[in-house]
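Asks: give me a 3D structure for the following:
(2 chains)
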Amino acid sequence: MSTQTPKQPERPEHNPTSMQRVVGYLERALFHNRIAVLIFFLVASVILGYAALSLRPDASFTRMIPTGHPFIANYLKFEDVLRPQSNVLRVLVENPNGEIFDKQFMETLREVNDRVFYIPGVDRGNLKSLWTPNALWTEVTTDGMRSGRVIPDDYNGDEQSLAQVKQNIQRANMIGSYVANDFKSTIIRVPLLERDPETGKLLDYGAFTQELEKQVRDHFDAKGVKIRVIGFAQIIGDLLAAATDIAIYFAITVGLITVLLYLYCRCWRSTAVTVLTCLLTVVCQLGLLSLLGYGLDPYSILVPFLIFAIGISHAVQNINLMMSEMGQGATPLEASRRTFRALFIPGSTALLADAVGFMTLLVIDIGVIQQLAITASIGVFVAIFTKMFLLPVLMSYVGVSPKGMAQQHKRANSSWPIFRRVARVVEPRYALPLIAFSLVLLGYGYYAREDLKIGDLDKGAPEFRADSRYNVDNAYLLDHYTTSTDVFVVIFKTPQEQCARFNAADLANQMELNLLEVEGVESIQSLYKTMRFKILAHNEGNPKWAELSRDQYVMNTARVGAPSELVDPNCSVAPISLYLADHKAETLTRVVNAVEAFSTRYDLGDFEILQAAGNAGIEAATNIVIEHSEKLMLLLVFVIISAVVLWEFRSIKVTIALMLPLYISTVLCEAFMAKMGLGVKIATLPVIALGVGIGVDYGIYLYSRLEGFLNQGMKFGDAYFEALKTTGTSVAFTGITLAMGVATWAFSALKFQADMGLLLVLLFIWNMVGALLLLPAIASMLMRNKYPHD
Amino acid sequence: MKTFSRSALTLLISLSVGLAAAQINAAPLTDRVDRPSHLTANAAQFPLIDIQSINDRQVMVGESGHILLGTADGKIKQVDVPVDLLLTAVHFVDPQNGWVVGHDGVVLHSTDGGQHWIKQIDGRDISKTMQVWAESALAEAEKASEAAPDDEDLEIALDNAYFALDDVEAGSEAGPSRPLLDVWCRDVNEGWAVGAYGMFIHTTDGGSTWNYVAALPNPDRMHLNTVLGLTDRTLLVGGEGGRMYRSQDNGQSWTASRNPSQASIYKILELKDGSLLALGFGGELLNSQDQGASWTELQSQTRVSLYNGTQLADGSVLLAGQRGTLLYSRDGKHFNVWKSKSSASWLGVAESSPQKLMLIGSKGLQRLSLSELKEQLQ
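Replies: Numbering: from 1, shown residues only, chains lettered A, B, ... in the order given. A predicted model of the protein is given here:
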């Protein structure tokens, strides 16, 4: 390609003989050593299959977040003081029999507290509940300030001490944050350590949540108190726990596809070989992942299925051609060799296109997506071997069963009424309106995808359905507590020991006032709010004193004893926590912009205003990264896949004919997401890229077949009709089969899987329709000079 | 090509000017005594500290320089205020002329019923006034003490003068750091304001100049929380530690009143029958039948602090206090305690029309009718 000069005619450089020589060489190498090939795959399968057994689901907080983004860099820099607001679990303990002020219940609460405390992975120093020593109250009396533990040392559970606890809770201002507004439940705040400080080992979220489930949830549910857990770790835990469900759906899909495959070809041999090689691809992929030291995280869990789907798509092409060859009287071996010769180039190209398509996901600086890119690319890499080498060799042994041949015979002799009509799309009177219609669709897609949102759009965890346990628990918390679970932390940084300077406090306070104006910010918690309260408290509790003081002595006294989540021990980092109404992308964007606007409006001097931490702050960073890289990723996918297609067919026009339908289906997919209220986020973004990768297969197979007939001198309409008979059948069958298989996901208990399933159904169908109708229409119109119609 | 390069040059210049402008714009945050307060849509939900009814209108002051006007038809309007800090008290002498005081020694003045405010002075001015007074007081005390070296009283006076000067200097070191806590004006010309660490200022020219009032016997420089002029022209000041002061010569001389308690006094109210109520820390409630010369304790039935109150049109009295506490009395002597569900403190009450109440406090403004209040709180 690179040596090609522009003045040369269209396809001189493409040297079919050299290509054919390579294919011919490969063909001989493969079919002369069939036993060796089989042994190689057998050994590889056994080794990789064994390795796959040790593959573990894994998940990590740091991999879920865009570590390269400045927000996250800031967060990680000050992680110690920010952790209690970021990677935190809220364990809610509810007394179903009434208020929490009950001797029995308080005892149970203490047990819950102790059990949680000892679960490995808990940041014990920052654990906070009614029972922990960091739960303190302060009060002003005639004799000055008094303070103490919420549950005092002399607590004995009698009426009087329970009344005391209730009073202390009010004095400690814990209602709405740690104690429900209706007093029927209380929260244990459990910050988690992502990395064990002693061993340095990463927290195993699956094991952690299972432990929590067993030690706390099950144990105390049986004892008659209701436990609810909210937080990142619980989401991951629930996703991992649902892995079996996901696998069951995969199994159903695989079963369904097998049945459809058999109904289509009526040949158990080729059905078995197809499914076997596809499953083998998945097993080898998982084995390679395991050998490379990766785990399978919840968001990559659909990749094995995608690899299976891609495998089916290629295998069907292979089998279909094979049957057609055998139908013309070839022996299995001959048919297999011919099929190999015909399909090796388009097949490998298509798989290569898939692989680079998936690789483009690497541009997104979020660990899980990059891992997904690697996982998927490894899968496609394996598929090249199993589909291009193993499958033809296996088929050369087994051939097609007589029943299958009969079916093939029947099909070959039918008059193909549908395809005869479909083939007419290449005539201008159908092609032009069709192209016009698809451009209108594209326009509509552009219009509709304007509403496409980044990030989560619903309350709670969008991975689960609204009535899932997690979301029910989350809704309970939101209903019964004042402080929301969506916390955006702005990091206010001062030089050491200067956090309590009047200028710092005045600036931070000014920013808080500005941020309270932002729609969606419900309340703010900060060191400075606490200091104001302390100053008031030191002045007999008189509200006329609730103002920050210029007197440094007053300010320093006010800072003493501030909780560790409000300021670091060096008095240089003061997280300002904004409690948000929700974590919708618009809300987060408004907050980010408001903070940015404030910090650029003023010369901050020694002070810094940094974003961001808290679950909402981290999500804001994720949204920003996704929004920025979504377009880049799509651009890369299209550019790279176009380049592969261009390299294969050496024609801009063919590339346009192949890529335009894919582009339309991508835009329509986004439009559909906008209409359905699905946001672009970690769970959905990969689907778009993968969709393009899968869609291009159809086009490559179809066009290479069509080109073959055209080069034999056939008219466009006839050539396309012939291509439809073999490749078209496979494309239609694959599209429909995969779509049907994936459609079952709609019933999954995981909303995340159901959403992905829905998007994949659309992509499979649209890509198929695009390849069968739009591709030939565009190709025929663009190349009417080269390949005349009449 | 020429036009292109010229326009490119123009673009470059305007860009660099724009950049420079952006840098100039990023000035440090202006000091809160010199920067205007924010106008915010929900100012009525921010803490409000004091409220005054003037006929059928109300003026409320609160956090972050918020001043809200309540109109006869029940609307609330936030007005522009030249400072951005906690305002502590408001007093209008007639429907047009009024003063507001706040932290950092800020005194604001309006001549149009609260629509517009100008800052008359802030703590920097007060510090200067007090510095001048303290230096001259010290000079006088030194002179007197030198003249009569053995006079113990003069010795104490000298010590006090030293302490006063030290205190004034300490107070102004960090800038205007001391709050004014209350203001009361007799007419458009004359008024008094009190504040932290014995701050006490007086004007006779409508606030153009304010002078330090030194005649109050407060050598420990305790906080002065409230000032009130009675209908018979007696002036009263209440303060920290139960200090009560009284002047019957328009502030020329002051005497300490006897107070049976040491709890801080936050507010003094004059009722229609001429009796007085003083309220304060820890449920302190005092009554005076002799214009503040002597005080007797009343049973408030509560231990929470009381901040303010008002006598309603029907003669009953409603007091506002800490942790959602309201005290209600038909006769001004016997009180019932009402607690609202929210633990937010109440800081003031006004009757916007008969039986219609406006309650202000740390959660902002709430409107209730007296009957609703009785139902909800009893």
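Asks: need the residues of chain A near chain B, please.
Replies: Within chain A, the positions near chain B by CB under 8 Å from any CB of the partner chain are A:141-142, A:170, A:175, A:502, A:506-507, A:510, A:513-514, A:516-517, A:539-547, A:549-552, A:554, A:600-605. Bear in mind the C-beta positions are built from the backbone N, C-alpha and C, glycine included.
Asks: tell me, how many neighbours does A:Lys184 end up with?
Replies: When neighbours are counted by other CB atoms under 10 Å in any protein chain shown, A:Lys184 registers 17.
Asks: and it, how far from chain B?
Replies: 16 Å (CB to the nearest CB, to the nearest Å).
Asks: quick one, what contacts that residue?
Replies: A:Glu94, A:Asn95, A:Gly98, A:Glu99, A:Ile100, A:His480 (CB atoms under 8 Å, 6 or more residues apart in numbering or on different chains).
Asks: let's see it at 6 Å
Replies: A:Asn95, A:Glu99 (CB atoms under 6 Å, 6 or more residues apart in numbering or on different chains).
Asks: now it: phi and psi?
Replies: Per-residue torsions, A:Lys184: phi -100, psi -10 (degrees, to the nearest 10).
Asks: count the residues that sit near the residue nearest to A:Tyr602 when sequence neighbours are not counted.
Replies: In space, A:Tyr602 comes closest to B:Leu29 once its chain neighbours are excluded; the distance is 5.0 Å by CB to CB, 6 or more residues apart in numbering or on different chains. Neighbour count of B:Leu29, defined by other CB under 10 Å: 20.
Asks: so which strand or helix has B:Leu29?
Replies: Counting by DSSP states H and E, no helix or strand carries B:Leu29.
Asks: quick one: the helices in the stretch 101-250 of chain B?
Replies: B:123-147, B:152-173 (DSSP state H, counting those that start in this stretch).
Asks: helices or strands up against the strand or helix carrying A:Gln104?
Replies: Following DSSP H and E, the helix or strand that holds A:Gln104 is helix A:103-118. Applying 3 or more CB pairs under 6 Å, 6 or more residues apart in numbering or on different chains; DSSP states H and E, we find helix A:103-118 packed against strand A:88-94, strand A:185-191.
Asks: go again with 8 Å.
Replies: Here helix A:103-118 touches strand A:88-94, helix A:159-171, strand A:185-191, helix A:219-222, going by 3 or more CB pairs under 8 Å, 6 or more residues apart in numbering or on different chains; DSSP states H and E.
Asks: any idea how far the third one is from the chain center?
Replies: It refers to strand A:185-191. The chain centre lies 29 Å from the centre of strand A:185-191; the measure is CA atoms, centre = their mean, to the nearest Å.
Asks: other SSEs contacting that strand?
Replies: So strand A:185-191, by 3+ CB pairs under 8 Å, 6+ apart, packs with strand A:88-94, helix A:103-118.
Asks: what's the first helix or strand after that strand?
Replies: helix A:205-212.
Asks: outside of that next one, which residues touch it?
Replies: Contacts of helix A:205-212 (CB under 8 Å, 6+ apart): A:56-60, A:89, A:91, A:116, A:119-121, A:192, A:229, A:233-234, A:236-238, A:240-241.
Asks: in ChimeraX, how would I select just the buried ones from these?
Replies: Under the burial definition 16 or more other CB atoms under 10 Å in any protein chain shown, those of the contacts of helix A:205-212 that qualify are selected in ChimeraX by:
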select /A:57,58,59,60,89,91,116,119,121,192,229,233,234,236,237,238,240
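Asks: mind checking which of the contacts of helix A:205-212 land in strands?
Replies: A:Leu89, A:Val91, A:Val229 (DSSP state E).
Asks: what's the neighbour count on residue 362?
Replies: Picked chain A for this. The local packing of A:Leu362 (other CB under 10 Å) involves 17 other residues.
Asks: wrong one, chain B
Replies: Count around B:Ser362 with other CB under 10 Å applied: 22.
Asks: looking at stretch A:223-235 now, give me its mean pLDDT.
Replies: Taken as a whole, stretch A:223-235 carries a mean pLDDT of 90.
Asks: just stretch B:291-307 next, same as before
Replies: Across stretch B:291-307, pLDDT averages out at 91.
Asks: picking that back up, as a markdown table, the helices and strands packed on strand A:185-191 with mean pLDDT would be great.
Replies: As requested, these are exported to a markdown table (pLDDT from 0 to 100):
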| stretch | mean pLDDT |
| --- | --- |
| strand A:88-94 | 92 |
| helix A:103-118 | 92 |
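Asks: chain neighbours aside, what residue packs nearest to A:Gly224?
Replies: Nearest non-adjacent residue to A:Gly224, counting by CB to CB, 6+ apart: A:Pro96, 7.0 Å away.
Asks: just checking, the one you found touches A:Ile227?
Replies: No. Contact criterion CB atoms under 8 Å: A:Pro96 and A:Ile227 do not qualify, at 11.1 Å.
Asks: looking at the two, which is more packed in?
Replies: Neighbour count, other CB under 10 Å: between A:Pro96 and A:Ile227, A:Ile227 has more, with 22 against 10.
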